[in-house]
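Visitor: the sequence and its predicted three-dimensional model are supplied below.
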Amino acid sequence: MAQRTTIEIYTRQRTLMHRVYGVCILSCEQCGAEVVMLSPECAAGVLQVTSDAIAGLCERGKLHSITTAERALLICGNSLFIASLPAEKEPQVK
Ligand SMILES: [Zn+2]
C-alpha cells in the first residue's frame, strides 16, 4: 500500500518538475538508475560555472550527460551532486 502512494507522488513530482524547472527524470546509463536530469544551463547554475565548463566536465567524465530525442543535452543530477561536493579527500583513518 505504501509503495503505491510513493509511486503516485513520484509521478506528480516528475510532471511538476518538468513543467516548472525544465527538469525531468530519466535513466542514466552511467549510473544505471533513474536520476533527475537538468539542462546544461541549470547545471551551470547549480555549480556556479559557465555552460562551457559544464561541457568540459562532461568530456572529462565528471558529469554524465545524455542527449534526448529532441537533441537536447541533459546533465545527470546524480553526477552533478557529486561534482558539487568539495574536492574529495580521503578521510583520515586513525
Ligand atoms: Zn549518472
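Guide: Good, I have the coordinates. Residues are numbered from 1 along each chain as shown.

Visitor: can we go C-alpha only for contacts and neighbour counts from here?
Guide: Noted.

Visitor: residues touching the closest residue to the ion within the chain, list them.
Guide: Nearest to the ion in the chain, going by CA to the ion, is Cys31, at a distance of 4.1 Å. Residues near Cys31 by CA atoms under 8 Å, 6 or more residues apart in numbering: Asn78.

Visitor: do that again at 10 Å, thanks
Guide: 64, 76, 78-79 (CA atoms under 10 Å, 6 or more residues apart in numbering).

Visitor: can you name the element that comes right after the lowest-mean-pLDDT helix or strand in the chain?
Guide: Least confident element among the helices and strands of the chain, by mean pLDDT, DSSP states H and E: helix 2-21 (a mean of 52). Next helix or strand after helix 2-21 toward the C-terminus (DSSP states H and E): strand 24-28.

Visitor: now do the helix or strand just after that following strand, average pLDDT.
Guide: Counting by DSSP H and E, the element after strand 24-28 in chain order, helix or strand, is strand 33-38. Strand 33-38 carries an average pLDDT of 92.

Visitor: do the same with stretch 50-60
Guide: Here the average pLDDT along stretch 50-60 is 93.

Visitor: what comes up buried for it?
Guide: 51, 54-55, 57-58 (16 or more other CA atoms under 10 Å).

Visitor: same check, this time on stretch 76-87
Guide: 76-80.

Visitor: and stretch 27-38, by the same measure?
Guide: Neighbour-count burial for stretch 27-38 [16+ other CA under 10 Å]: 28, 35-38.

Visitor: so which of these reach the ion?
Guide: Cys28 (CA under 5 Å from the ion).

Visitor: among the buried residues of stretch 27-38, which two are most distant?
Guide: Cys28 and Leu38 (11.8 Å; CA to CA).

Visitor: between these two, which contacts overlap?
Guide: In contact with both Cys28 and Leu38: 65, 75-77, using CA under 10 Å, 6+ apart.

Visitor: take the residues you listed and keep only those in strands.
Guide: 65, 75-76 (DSSP state E).

Visitor: tell me the one of the residues you listed nearest Ala44?
Guide: Nearest member of those to Ala44, counting by CA to CA, is Ile75, at 9.8 Å.

Visitor: residues touching the closest residue to that closest one other than its chain neighbours, list them.
Guide: In space, and not counting its chain neighbours, Ile75 is closest to Ser65: 4.5 Å by CA to CA, 6 or more residues apart in numbering. For Ser65, the contacting residues are 28-30, 37-40, 54-55, 57-59, 73-77, 79-80, by CA under 10 Å, 6+ apart.
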